[in-house]
Each structure stands twice: as C-alpha cells, then as structure tokens.
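A.B. asks: Any chance you could fold what I've pasted below:
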Amino acid sequence: MAEARFGPGDAVRARPGDPAGHTRLPRYARGCTGRVVELTGSWPLADDLAAGSDRPRVEPVYTVAFAARDLWGEGTHEVTVDLWESYLEAAA
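C.D. replies: From the prediction side, this is the model:
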C-alpha cells in the first residue's frame, strides 16, 4: 500500500476545477471541505485506467464525509464519498 498522506479526522478539501478527461471526483464535491473517515486501501487511479494507461498510478483511497448543507445548501446529514489521494489537499 502506498503511504497515506491523510488519516481519520483530518480536514481535507476536494480539488476544485474541471479536469480534462475522465475523473471520479464528483462535480458536487469539488472545492468542498470534508473530513477523512477512513483509509480504504490503495487502488489504481480510475482516471489513468479510463485513459488506457498500462501503468496506472496506485494511490490511497479515503472515505471522506461532507456536510450535506456544504454540498447542496441544505440537509443535516453527511454524505460520504470515496476519493483518491490526488483529488484531495489539506484544508486550511
């Protein structure tokens, strides 16, 4: 397993923007801040696989919880999304 940059409880921000090509980072989470719930292991990056890479990057994947109100402006629950490490940055 690749060494994980984040751990449970860490505040992270999903990278903003609209990358060219395939991405598994949902548009509704881009630029939003959440909390790492758990590390689920290291897996080949789906973006690289979709691009036909013979050697996809293998990255840690995290379950990240976002407040529904931060994603959609309402709701009292959390939404969890599994995200590759390259989709995340440390929250300020």
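
A.B. asks: Residue most distant from the centroid, this protein?
C.D. replies: residue 54 (22.8 Å; CA atoms, centre = their mean).

A.B. asks: where along this structure do the strands fall?
C.D. replies: 11-14, 33-44, 58-67, 78-84, 88-90 (DSSP state E).

A.B. asks: Between these, which one is closest to residue 24.
C.D. replies: Closest of these to residue 24 is strand 78-84, at 7.1 Å (criterion: CB to CB). For glycine as for every other residue, the C-beta is placed from the backbone atoms N, C-alpha and C.

A.B. asks: before we move on, the earlier item: can you list the strands of the chain in CSV and add mean neighbour count?
C.D. replies: Supplementary listing: these in CSV, determined by neighbours: other CB atoms under 10 Å:
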stretch, mean neighbour count
strand 11-14, 19
strand 33-44, 17
strand 58-67, 20
strand 78-84, 18
strand 88-90, 16
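
A.B. asks: Tell me who's in contact with residue 64.
C.D. replies: By CB atoms under 8 Å, 6 or more residues apart in numbering, residue 64 lies in contact with 12, 14, 29, 34-37, 80-83, 88.

A.B. asks: What residues sit buried inside the worst-scoring helix or strand of the chain on mean pLDDT?
C.D. replies: For the chain, counting by mean pLDDT, DSSP states H and E, helix 46-50 ranks last in confidence among helices and strands (a mean of 91). Buried residues in helix 46-50, counting neighbours by 16 or more other CB atoms under 10 Å, are found at 46-48.

A.B. asks: From the contact counts, what lies against that helix?
C.D. replies: If you count contacts as 3 or more CB pairs under 8 Å, 6 or more residues apart in numbering; DSSP states H and E, helix 46-50 packs onto no helix or strand.

A.B. asks: Might you quantify the distance of that helix from its chain's geometric centre?
C.D. replies: Chain-centre distance of helix 46-50: 14 Å, with CA atoms, centre = their mean, to the nearest Å.

A.B. asks: what does stretch 44-55 give?
C.D. replies: Using CA atoms, centre = their mean, the offset of stretch 44-55 from its chain centre is 16 Å.

A.B. asks: Can you give me the end-to-end span of it?
C.D. replies: With CA to CA, to the nearest Å as the measure, the ends of stretch 44-55 fall 9 Å from one another.
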